[in-house]
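Colleague: Generate a structure from the sequence data that follows.
(one chain, ligands or ions: 2)
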Amino acid sequence: MKEEHKQYHKRLMTVALRLVKPTAYFMLLLLAYTLGYLSSPSSSSYPRSPVPSSPTPFINELINLPSQLDQFRVKAHCAVPLPSERVRQTILDRVFNGTSPFDGFPPTYVRPLLQRQRIRGWGSNGAVFEHLIQKVRPRTIIEVGTFLGASAIHMHGLTRKLGLEAQILCLDDFRGWPGFRDRFKDIKMINGDVSLMYQFMQNLFSVNATDSVLPVPFSTGSALEKLCELGVYGDLIEVDAGHDFLSAWSDINRAYRLLRPGGVIFGHDYFTATDNKGVRRAVNLFARIHGLKIKLDGQHWVIDST
Ligand SMILES: *[C@@H]1O[C@H](CO)[C@@H](O)[C@H](O)[C@H]1NC(C)=O
Ligand SMILES: *[C@@H]1O[C@H](CO)[C@@H](O)[C@H](O)[C@H]1NC(C)=O
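Modeller: Ligands and ions are numbered 1, 2, ... in the order given. Predicted coordinates:
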């Protein structure tokens, strides 16, 4: 009986902690923001001493917590949208110095590293892809997190089937993650350099998708910033990179700025417990701040801007 009681309390505490955690997180961020704000050179009206003489400003900031959430909106505007027919050439010019990365592929030193086709993903063939591609009929698809290209190849097939001339931009640093080779021992590594980008490109070759898919081989953060600067927007944006809260949060915020009006942003692993449910917490918070509705399709979350 006593044991049961303890268990009950433990469960109650867990639930309470779960509810409190996001709030606590924001309080912490807000406090950090507030401190930065108060110590910034521009706020010269505040005392210069390292310890503020009165705690009042902090308390005021915290009382205004709801309106303070505004500070976390990503406000910077991206460049004027490029017409979709100029997207591929712009990426070729600005990322690859005007030459297709597929020209002369694979170079002789890479050839021995590659398998003819090595495709692996998670949830990459979910029905959500077909639902959204049919609905949106995208000209530009941005994929944030690509790995070996399974879902990009699936989306390529779907756009072809529908007669759409879509370009798919695949943002990934193509480094995998620490320890991924425990499960992918066959992916070759040379001096710590894994051959994921080359194998991804080889996979595209193997399905004749090199005219409609391009890698953008940088961290998702810097690649999304570049697209913003270039005015490359997506009709359909898939977010499936880092699953911890901070990665998912930053990817979603940066990616949403690049969504064309009427477009759809979606992502995998809404239900996974991995990384302390980072994806779900980020998506929920984002939707809440922006007043958006989350729809679910299989294991995917979907936010429709229409
Ligand atoms: C970019 O391409 C031009 C020729 O089109 C070449 O002269 C130049 O060296 C290239 N730059 C780099 C950084 O590869
Ligand atoms: C490969 O795709 C191109 C269009 O991007 C098409 O013209 C060509 O016929 C395809 N080749 C094969 C072998 O399917």
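
Colleague: Can you tell me which residue is spatially central in this protein?
Modeller: Centroid check for the chain by C-alpha atoms, centre = their mean gives residue 251 as the closest residue, at 3.4 Å.

Colleague: got the contact list for that one?
Modeller: Neighbouring residues of residue 251 by C-beta atoms under 8 Å, 6 or more residues apart in numbering: 144, 145, 220, 221, 224, 239, 241, 242. C-betas here are computed from N, CA, C, even on glycine.

Colleague: the helices in the stretch 51-200 of the chain, which residues?
Modeller: For the stretch 51-200 of the chain, the helices defined by DSSP state H, counting those that start in this stretch occupy 56-63, 65-68, 87-96, 127-136, 150-161, 196-206.

Colleague: The last one: which residues count as buried?
Modeller: Of the residues in helix 196-206, those with enough neighbours to count as buried (16 or more other C-beta atoms under 10 Å) are 196, 197, 198, 199, 200, 201, 202, 203, 204, 205, 206.

Colleague: can you give me the mean pLDDT across the helix or strand following it?
Modeller: Remark: after helix 196-206, the chain's next helix or strand is strand 213-216, criterion DSSP states H and E. Mean per-residue pLDDT for strand 213-216: 98.

Colleague: Tell me the secondary structure at the residue nearest to the centre of the chain.
Modeller: Classification of residue 251 using DSSP: H, G, I helix; E, B strand; the rest coil returns helix.

Colleague: ok so, going back, highest neighbour count among the contacts of residue 251?
Modeller: residue 239 (30 neighbours; other C-beta atoms under 10 Å).

Colleague: Report the beta-bridge partner residues of that residue.
Modeller: residue 144, residue 267 (DSSP bridges).

Colleague: Quick check: it touching residue 267?
Modeller: Yes: between residue 239 and residue 267 there is a contact under C-beta atoms under 8 Å: 3.9 Å.

Colleague: Find residues that contact each of those two.
Modeller: With C-beta under 8 Å, 6+ apart, residue 239 and residue 267 have common neighbours 248, 252.

Colleague: Would you tell me which of the helices of the stretch 51-200 of the chain gets closest to residue 104?
Modeller: helix 196-206 (11.5 Å; C-beta to C-beta).

Colleague: now that closest one and helix 150-161, what's the angle there?
Modeller: Helix 196-206 and helix 150-161 are oriented at 30 degrees to each other (axes from the mean of the first three to the mean of the last three C-alpha atoms, to 10 degrees).
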